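# Take this sequence and fold it.
(one chain, ligands or ions: 1)
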Amino acid sequence: MATITNSSAGILSVQPISYKVIFAAVVTIYALYLFGLGIYRVYFDALSHYPGPKLAALTTWYQAYYDLYYHGQWFKKLGQLHEQYGPIIRVNPHELHISDPNFIDILFTGASKKRDKYKWLGRSILLPDSTGGTVHHDLHRKRRASLSPFFSKEKIRRLEPSIQRAVDNLLGRMSDCGANEDVMPMSLVLRATTCDIITGYLFGKSAEYLTREDYNEDFFSSINAMFGMSWPHLTYISWLGAVLGCIPPSQWTKQIRDIRLSEDLKSNNSTVFHGILNGKLPPSEKSARRLRQEAQQLVLAGQDTTAQTVVAITFELLACPDKLAKLKAELASVFPDPDNITSAVCERLPYLHAVVQEGIRLHPATLVRMTRVAPNQEMIYTNEKENREWVIKPGTPVSMTAFTIQNNPDIFPSPRKFELERWLDNPRLDKYLLSFFRGTRICLGLYIAYFELYLILEGIFRRYDRYDGTGKQSTPTLELYDTIRERDIDAVVDLVLPYPAVGSKGLRVMIRNKPQNTE
Ligand code: HEM
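The predicted structure follows:
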């Protein structure tokens, strides 16, 4: 490159431009662009009048700082920001977050109003083509329609014998452990239980991890590693996903291929993947690549959420002897024979239902904020306390979080307490439960989740009592083993799902089978 200069003799000469000058010019132009963009975002763009820190309006790196540097701590900062700025805040240059239950039904509305999902969730878990990761409303409706018939309440009721089989396997392993008065890693074992249930339903062949000596711990460790890596990094570094998008096929790919090639495919609709392959979706939607993502999403969504909820409830019950005693009394009165139970009866038991609802509230199994975009409609948020109305422009991503709503002391006084009376006094509090979210994308596995929670909790607590330290109990017992709520049970890190503190071993219990020595 060159420039033309005027020499002392008045003759024009050509001088080379150094690359340093070019580099400096590019950097200056880019810096000016960023400066202009920053000024525009903070003072002039469509979200500039919303409350929130100026740094959040300026750059997504403000949020990323809490998730990357402090490892998944943005969800806690979010609560502090709401206390400081009120129920509606701008959380990054593009998105608003609302912490007001009155907005739930507007944001997570029915099918008549379009709601896209914001792209970053699907991207961050590397499953953008799964139903849960699908951005566009219409495509989501089609994908969901291919799955929904398999997740209706009636259909799941018929799944009860296989849920019960997994519960029996769980109880068998607990009994083996109790025979040696040993410590059981419940967080791991419950993940194996829920994985066995969901894989059996999806592919017709259960993973059977409960039958393995080590419960296939490596599989669950690899999921932890994946979440630890993918979230938060993939959320903020968009090109990383494209690089990792070519990760090796998952172990479920073979199961889907076997179903696709099975001779009775057309006449057999017994599993979810038979249903998808026989269903009305176009061939492109049945490609191996997309169905791999669907399978991974269904297994992940089906196993860890429910297992974590059982873990949290088991902990709370073992930590609150009076509540456990009341639950056991209710179960014993309805099910004199512990081997003869049904979810239909369980769901009508007020105390068990209160236990489940409070567990779901206090320990929501998804921590990540759920974002929706109304592509062609305004949304109106009314802050009733301040009597102020906010008109949100079409195309604006708006999110809500179960964690902030379910910890709102105006709705749930003493929100960090495991309080069953609130549900016994007012079962309609469920309108404030956001753990499964709402609207067209409400958790598809809601009924499986509830049935599993009922049957697993009934299975465990119909048989086991809390170890009271007297050594005189006549039934098998469970005792919390080196489990601390703040470290091992509560949400400490947001990795889409709530994770305990780094290095935590989760819930562990000492199991004693035999009646204790009564001298
Ligand atoms: C306590 C247990 C569970 C909780 C708390 C839970 C929670 C959630 C949440 C928060 C979502 C996101 C909803 C949204 O995008 O707005 C979701 C979606 C989903 N869940 Fe669950 N879930 C649980 C159990 C299950 C189970 C057992 C399955 C079984 C396969 C399942 C399958 C799904 C699927 C497929 C989606 C995507 C739905 C869609 O986008 O249309 N979940 N779940």
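# contacts, neighbours, all on C-alpha from now
Noted.
# For residue 312, which non-adjacent residue is spatially closest?
residue 489 (6.0 Å; C-alpha to C-alpha, 6 or more residues apart in numbering).
# Please report how far the one you found lies from the ligand.
15 Å (C-alpha to the nearest ligand atom, to the nearest Å).
# what number of residues lie near that residue?
Residue 489 sits with 26 neighbouring residues when counted by other C-alpha atoms under 10 Å.
# Then the one 4 residues further on?
Burial of residue 493 is recorded as 22 neighbouring residues (other C-alpha under 10 Å).
# show me what contacts it?
Residues in contact with residue 493 (C-alpha atoms under 8 Å, 6 or more residues apart in numbering) are 71, 72, 73, 499, 500, 501.
# is it true that the last one touches residue 492?
This points to residue 501. Yes - if you go by C-alpha atoms under 8 Å, residue 501 and residue 492 touch, sitting 5.5 Å apart.
# residues contacting the residue nearest to residue 312?
311, 312, 315, 483, 500, 506, 507.
# Tell me where the model's unsure across the chain.
The model of the chain has pLDDT under 70 over residues 1-14, 121-123, 230-231, 241-249, 515-519.
# got the residues of it near the ligand?
131-132, 144, 298, 301-302, 305-306, 309, 364-366, 370, 435-437, 441-446, 448-449 (C-alpha under 6 Å from any ligand atom).
# From those, which land in helices?
144, 298, 301, 302, 305, 306, 309, 446, 448, 449 (DSSP state H).
# What is the neighbour count of the second one?
What that stands for is residue 298. 20.
# And for the fourth one?
Around residue 302 sit 23 other residues, with neighbours defined as other C-alpha under 10 Å.
# separation between it and residue 321?
Distance, residue 302 to residue 321, by C-alpha to C-alpha, to the nearest Å: 30 Å.
# Tell me which residue is most central in the protein.
Nearest residue to the geometric centre of the chain (C-alpha atoms, centre = their mean): residue 366, 2.8 Å.
# How about that residue: what's its closest non-neighbour residue?
Residue 366 sits nearest to residue 497 (C-alpha to C-alpha, 6+ apart), 4.5 Å away.
# follow-up on the earlier one: got the contacts of residue 493 as JSON lines, with secondary structure and neighbour count columns?
As requested, the contacts of residue 493 are exported to JSON lines (DSSP: H, G, I helix; E, B strand; the rest coil; neighbours: other C-alpha atoms under 10 Å):
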{"residue": "71", "secondary structure": "coil", "neighbour count": "19"}
{"residue": "72", "secondary structure": "coil", "neighbour count": "25"}
{"residue": "73", "secondary structure": "coil", "neighbour count": "19"}
{"residue": "499", "secondary structure": "strand", "neighbour count": "25"}
{"residue": "500", "secondary structure": "coil", "neighbour count": "19"}
{"residue": "501", "secondary structure": "coil", "neighbour count": "16"}
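# Just give me the closest of those residues to the ligand.
residue 499 (13.6 Å; C-alpha to the nearest ligand atom).
# wait, isn't that closest one in contact with residue 491?
Yes - using C-alpha under 8 Å, residue 499 is in contact with residue 491, at 5.6 Å.
# show me what contacts residue 135?
Per C-alpha under 8 Å, 6+ apart, neighbours of residue 135: 116, 117, 118, 119, 122, 128.
# quick one: buried residues of stretch 350-365?
Neighbour-count burial for stretch 350-365 flags 351-365 (criterion: 16 or more other C-alpha atoms under 10 Å).
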